[in-house]
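Participant: okay, here's the prediction I keep looking at, along with the sequence it came from:
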Amino acid sequence: MKLSREAIEQLAIHLETCELEAKDTPKITDEHPDMDWDDAYAIQDEIRRRKIARGNRVIGLKAGLTSHAKMKQMGVETPVFGFLVDYFSVPEGSEINTSELIHPKVEPEIAFVTKAPLRGPGCHIGAVLAATDFVIPAIEVIDSRYRDFKFDLKSVVADNCSSSRFVVGGSMAGADDVDLRTTGIVLEKNGEPVAFGAGAAVLGHPAAAVAMLANMLGERGEEIPAGSLILSGGITEAVAVQPGDDVTLRVQGLGSVSVRFK
Ligand SMILES: O=C(O)C/C=C/C(=O)C(=O)O
C-alpha cells in the first residue's frame with residue numbers, strides 16, 4: 001500500500017461526504033497518483049465501515065464495468081466491484097429525488113439473489129447458477145462523485161464504483177428457467193427505446209460477472225454470502241437522466257421494471 005491509514009480515512013470521508021451532500025470532486029488520483037489497488041479498495045472498505053457504523057446494512061454487491069460497452073464508454077479495461085447498502089434500494093415504480101444526486105445515469109442489469117455462499121478462487125458460471133435463488137431485472141442508478149464522470153479505475157473503486165441507487169422488479173426466474181446469454185433487454189426513457197442488448201454483453205454471460213466477483217473477493221479471503229443481491233453490471237452504456245424522466249427496463253421473459261426521477 002502507498003497511502004497512510006490517515007490518508008485513506010481522509011479520502012473515504014471526502015468521497016462519502018460528496019455522496020451524501022451530492023457534490024462532485026476531481027478524481028482522487030490527481031492528488032495521489034501513486035495510490036495502488038489495495039489503497040483503492042481500502043478507501044472503499046472504509047466508506048463501507050462508516051456506513052455500517054451509522055446503522056446502514058450491507059445488502060449485496062455489484063460488479064461494474066463488466067461489458068465492453070461500459071468499458072469503452074469509461075475508457076477502462078478491467079471489471080471492478082463495490083457494495084450495496086439498504087438505502088440504495090428504491091421500490092419499483094417509485095420516484096428518485098435527483099436533488100440527492102450529482103449527475104445520475106441508469107444502466108440495465110440482471111440481478112442475482114443467492115441462496116448459498118459463493119467463494120473463489122475457482123468459482124465458475126455453474127457454481128453461480130447452482131447458488132442462485134432467482135434472477136430479476138434491475139435498473140442501477142450510478143452517480144460518480146467525480147466531476148463529469150471523469151475517472152480512472154483506482155479512483156472509481158475508491159468511490160464504491162459510482163454506486164448510488166437501484167430498483168429491482170418485473171418477474172423473478174430460477175437460473176434454469178432463462179438463458180441469460182440470449183435474453184434480450186430494451187431500456188426506455190420517456191417511452192422511447194434508448195439502449196438495447198442481450199445478457200451476453202456482460203462477460204459472455206451475466207453469471208460470469210458474479211463468478212468473477214466471487215474470485216476477486218476470494219483473493220481477499222472474503223465470500224459472497226447467501227441471501228446477497230448482486231448487480232452483474234450494465235449491459236449497455238449508461239444513459240443520463242434528468243428530473244421528470246421515466247425509465248423502464250424490459251427484459252425478455254422477465255417482465256419490466258420502472259422508476260421515475262423527480
Ligand atoms: O461507470 C461508472 O461510473 C462505474 C460503474 C459501473 C457500473 O456500475 C457498471 O458497469 O455496471
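Facilitator: It's in. Numbering: from 1, shown residues only.
Participant: contacts and neighbour counts: CA atoms only from here.
Facilitator: Noted.
Participant: mind checking how far the residue most central in space within the chain is from D159?
Facilitator: Centroid check for the chain by CA atoms, centre = their mean gives K62 as the closest residue, at 4.0 Å. Distance of K62 to D159, computed by CA to CA, to the nearest Å: 13 Å.
Participant: same question, G126
Facilitator: In this view, G126 and D159 are 31 Å apart by CA to CA.
Participant: which one is the residue nearest to the centre of the chain nearest to, not counting chain neighbours?
Facilitator: With sequence-adjacent residues excluded and distances taken as CA to CA, 6 or more residues apart in numbering, K62 is closest to L231, at 4.5 Å.
Participant: residue contacts, the one you found?
Facilitator: Each residue near L231 by CA atoms under 8 Å, 6 or more residues apart in numbering is listed here: 61-63, 109-112, 138, 140.
Participant: circling back: the residue nearest to the centre of the chain contacts I224, doesn't it?
Facilitator: No: using CA atoms under 8 Å, K62 is not in contact with I224, being 10.8 Å away.
Participant: and L20, how many neighbours?
Facilitator: Close neighbours of L20, defined as other CA atoms under 10 Å, add up to 13.
Participant: first-to-last residue distance for stretch 103-122?
Facilitator: One end of stretch 103-122 to the other measures 37 Å (CA to CA).
Participant: I'd like the next helix or strand past the helix or strand hosting K51.
Facilitator: Element membership for K51 (DSSP states H and E) is helix 37-53. Next helix or strand after helix 37-53 toward the C-terminus (DSSP H and E): strand 58-64.
Participant: the helix or strand just after that following strand near the ligand anywhere?
Facilitator: Going down the chain from strand 58-64, the next helix or strand is helix 68-74, by DSSP H and E. Yes: Helix 68-74 lies within reach of the ligand by CA under 6 Å from any ligand atom, at K70.
Participant: how about residues contacting helix 68-74?
Facilitator: Helix 68-74 is contacted from outside by 65, 77-78, 150-151, 201-202, 234-238, using CA under 8 Å, 6+ apart.
Participant: run the chain-centre distance for stretch 247-262.
Facilitator: Centre-to-centre, stretch 247-262 and its host chain are 17 Å apart (CA atoms, centre = their mean, to the nearest Å).
Participant: now the end-to-end length of it.
Facilitator: 12 Å.
Participant: show residues contacting that stretch.
Facilitator: Identification of contacts with stretch 247-262 by CA under 8 Å, 6+ apart yields 92-98, 108, 136-139, 167-173, 178, 183-191, 241-246.
Participant: does L187 belong to a helix, a strand or coil?
Facilitator: Under the three-state scheme (DSSP: H, G, I helix; E, B strand; the rest coil), L187 adopts strand.
Participant: run a quick neighbour tally on the closest residue to it other than its chain neighbours.
Facilitator: Distances taken as CA to CA, 6+ apart put L249 closest to L187, at 4.6 Å, once the chain neighbours are dropped. Neighbour count for L249, taken as other CA under 10 Å: 28.
Participant: am I right that L249 is in a strand?
Facilitator: Yes: L249: assigned to a strand according to three-state DSSP.
Participant: three-state assignment of P91?
Facilitator: Looking at P91 with three-state DSSP, the answer is coil.
Participant: and it, what does it touch?
Facilitator: 167-168.
Participant: ramachandran coordinates for it?
Facilitator: With angles defined as degrees, to the nearest 10, P91 sits at phi -60, psi 150.
Participant: swap in L129?
Facilitator: phi -60, psi -40.
Participant: my understanding was that F134 contacts A116; is that so?
Facilitator: No: using CA under 8 Å, F134 is not in contact with A116, being 11.6 Å away.
Participant: hang on, F166 packs against E140?
Facilitator: Yes: using CA under 8 Å as the test, F166 is close enough to E140 to be in contact (4.3 Å).
Participant: pick out whichever of those two has more residues nearby.
Facilitator: Between F166 and E140, E140 has the larger neighbour count (other CA under 10 Å), namely 28 against 23.
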